[in-house]
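Engineer: please find the sequence and the predicted model below.
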2 protein chains.
Amino acid sequence: MRIALRVAYDGTAFYGFQRQPGLRTVEGEIIRVLQKLGIIEDPPTSNFKGASRTDRGVSAFFNVVSFDPVPEKAYLAKPEVLNYHLKDVWVLGWTEVPDDFHPRFWAKSKTYRYYLVDRGFDPNAMPECARLFVGTHDFSAFAKLEPGKEPIREITSVEIIPRSGYYIVEVTGKSFLWEMVRRIVNSISLCGLGLLTPEEVSGMLSGRFDRKIPPAPPENLVLWRIDYEGIEFEADERGVREFKKAVFSRYAHALARAAFLGDWLISL
Amino acid sequence: MRIALRVAYDGTAFYGFQRQPGLRTVEGEIIRVLQKLGIIEDPPTSNFKGASRTDRGVSAFFNVVSFDPVPEKAYLAKPEVLNYHLKDVWVLGWTEVPDDFHPRFWAKSKTYRYYLVDRGFDPNAMPECARLFVGTHDFSAFAKLEPGKEPIREITSVEIIPRSGYYIVEVTGKSFLWEMVRRIVNSISLCGLGLLTPEEVSGMLSGRFDRKIPPAPPENLVLWRIDYEGIEFEADERGVREFKKAVFSRYAHALARAAFLGDWLISL
């Protein structure tokens, strides 16, 4: 039997997703609870896998982990049980999956959202830059390359959604290189400020560059959604309710802080 | 010679205003810098005084400290010098004051702003409750009383300013009891939720109560302004510029976080 969980987490509470000895990570927190309850013995034995190894500071509204539970403890691998023990991570959905399911390789597409606060951007320059990334390109100038990794990726859409005081940059693709979304976002931001031209972006996507674009800060990036073919997560109502309560208090704190700091800026 | 400084600070970076051994406080940070530069020898010798001892977590856009500098170092007691050494506190204004100036006792009025995130408040119930506090009352039910302190205070105005997704509660008075603003705000919030009636508030202001109203959380409270008769602070342009830069980055972080957490709430 193999189980997949949809998890959400507040990235500011962790040192990234991937487990690292001595540091509090998302994966580490989930494994801690699964082991404590005897649901898995250890990650290799249970074939524990995550869909996306989000960087330190990055949050997720939809990431996926999968594992083979110890058969007699499989009944404990339920959102209501796990959410009771997890901190800063919430299991929002549950499903049984085929034995060879891998949350990363089976993903049809991933969608990230970056919340970009307006710094006086030219609203026309941003979508003009954004659409250049759509399609299949060599993203070497827009990623931190890992040895032996193919730098060619396909982006299916980049949307710029204007909101009051900020923009959402929504990027969808099958898979991404390390820091790729944050470097694309920073390029769009630099275009919006007039510090980078669409011609330069096109050139960089064709391999003409001597400097890479650095990444935008991680805290404003959210892994928004992962789509699979034929796999649906069963929502856990109580988990969703508890999640909303925990999120509301963080939301209220952030909103009040943004409000008074914004008033400081306009009152001087 | 006696100097007064207008200071602003981010309350989340400190354990309150008042100096305490071994803890990072606003007063402690200012005194550290004044002593390091030889501007004062120690607080008693320099008659160092603050206007408002804000609680842990509370921020200020306008608080005032005053001291007698060592004469040969008085030229260093300038915003541009102090701001270079201060962290999370900014000197936004400077003025020379009479030798007997006391920033607390000379204050004509203080204005606090509380940023209250909407939890489904009845917008009519809030101002109805708010206006009951205006005037001279015994605030025993709305304060943490310190031994020997007179519980009667005068509030000159309580304004409810509706904004998108939150309210500002602006309270002005000559002086306040401990936790008084936050307990008044919590009363208004409870009235907005229908959990407290105007009649109960009136009764409590007339001494009829067996339980006090607890305080609203400190992080959303800002000491907004202090008014003095005939004392004007000379703004420091560079200090204001550096302050704006530091505030913008905190504002952007809080706004992006409020935005994505808000989207999580409405997307489930």
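Structural biologist: All right, it came through fine.

Engineer: stretch A:146-158: end-to-end distance?
Structural biologist: Stretch A:146-158 has an end-to-end distance of 24 Å (CA to CA, to the nearest Å).

Engineer: oh, I was asking about stretch A:173-180
Structural biologist: One end of stretch A:173-180 to the other measures 11 Å (CA to CA).

Engineer: for chain B, what are the nearby residues on the stretch 151-268 of chain A?
Structural biologist: Applying CB under 8 Å from any CB of the partner chain, we find that the stretch 151-268 of chain A lies next to chain B at A:163-166, A:168, A:219-220, A:222, A:240, A:243-244, A:247-248, A:250-265, A:267-268. Bear in mind the C-beta positions are built from the backbone N, C-alpha and C, glycine included.

Engineer: helices - which of those land there?
Structural biologist: Per DSSP state H, helices hold the following members of those: A:240, A:243-244, A:247-248, A:250-265.

Engineer: buried only: go through these for me.
Structural biologist: By neighbour count, with 16 or more other CB atoms under 10 Å in any protein chain shown, these hold A:240, A:243, A:247-248, A:250-264 as buried.

Engineer: now residue A:54: closest residue in space, sequence neighbours ignored.
Structural biologist: Closest residue in space to residue A:54, ignoring its immediate chain neighbours: residue A:17 at 4.6 Å, by CB to CB, 6 or more residues apart in numbering or on different chains.

Engineer: one more: residue A:128?
Structural biologist: Spatial nearest neighbour of residue A:128, excluding adjacent residues (CB to CB, 6+ apart): residue A:198 at 5.6 Å.

Engineer: and what of residue A:42?
Structural biologist: residue A:35 (7.2 Å).

Engineer: show me how the record splits chain A into domains.
Structural biologist: A:2-105+A:229-251, A:109-223 (automatic domain parsing).

Engineer: mean pLDDT for those - can I get that in TSV?
Structural biologist: TSV is the format used below for these (pLDDT from 0 to 100):
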stretch	mean pLDDT
domain A:2-105+A:229-251	96
domain A:109-223	96
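
Engineer: could you export the ones you listed as TSV, including distance to residue B:121?
Structural biologist: Shown next, in TSV, are the domains of chain A (distance: least, CB to CB, whole Å):
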stretch	distance to residue B:121
domain A:2-105+A:229-251	14
domain A:109-223	21
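
Engineer: need the contact list for residue A:115.
Structural biologist: Counting by CB atoms under 8 Å, 6 or more residues apart in numbering or on different chains, residue A:115 touches A:166, A:167, A:168, A:220, A:222, B:255, B:256, B:257, B:259, B:260.

Engineer: beta partners for it?
Structural biologist: Counting by DSSP bridges, residue A:115 is bridged to residue A:168.

Engineer: kindly report the same for residue A:234.
Structural biologist: Under the criterion used (DSSP bridges), residue A:234 bridges to residue A:94.

Engineer: count the neighbours of it for me.
Structural biologist: For residue A:234, the neighbour count with other CB atoms under 10 Å in any protein chain shown is 10.

Engineer: now the end-to-end length of stretch A:132-140.
Structural biologist: With CA to CA as the measure, stretch A:132-140 spans 15 Å from end to end.

Engineer: what's the offset of that stretch from the middle of its chain?
Structural biologist: Remark: stretch A:132-140 is offset 19 Å from the chain centroid, using CA atoms, centre = their mean, to the nearest Å.

Engineer: can you point out the buried residues in it?
Structural biologist: Buried, per 16+ other CB under 10 Å, within stretch A:132-140: A:132, A:133, A:134, A:137, A:139.

Engineer: now, those that are in helices?
Structural biologist: Per DSSP H, helices hold no members of those.

Engineer: now, which of the residues you listed sits nearest chain B?
Structural biologist: Ranked by distance to chain B (CB to the nearest CB), these are led by residue A:133 at 21.0 Å.

Engineer: how about the strands in the stretch 1-150 of chain A?
Structural biologist: For the stretch 1-150 of chain A, strands defined by DSSP state E, counting those that start in this stretch occupy the ranges A:2-9, A:49-50, A:59-67, A:89-97, A:107-117, A:135-138.

Engineer: for the ones you listed, which one sits closest to residue B:78?
Structural biologist: Nearest to residue B:78 among these is strand A:107-117; the distance by CB to CB comes to 32.5 Å.

Engineer: tell me how far that closest one is from the chain's mean position?
Structural biologist: Here the centre of strand A:107-117 is set off from its chain's centre by 7 Å, with CA atoms, centre = their mean.
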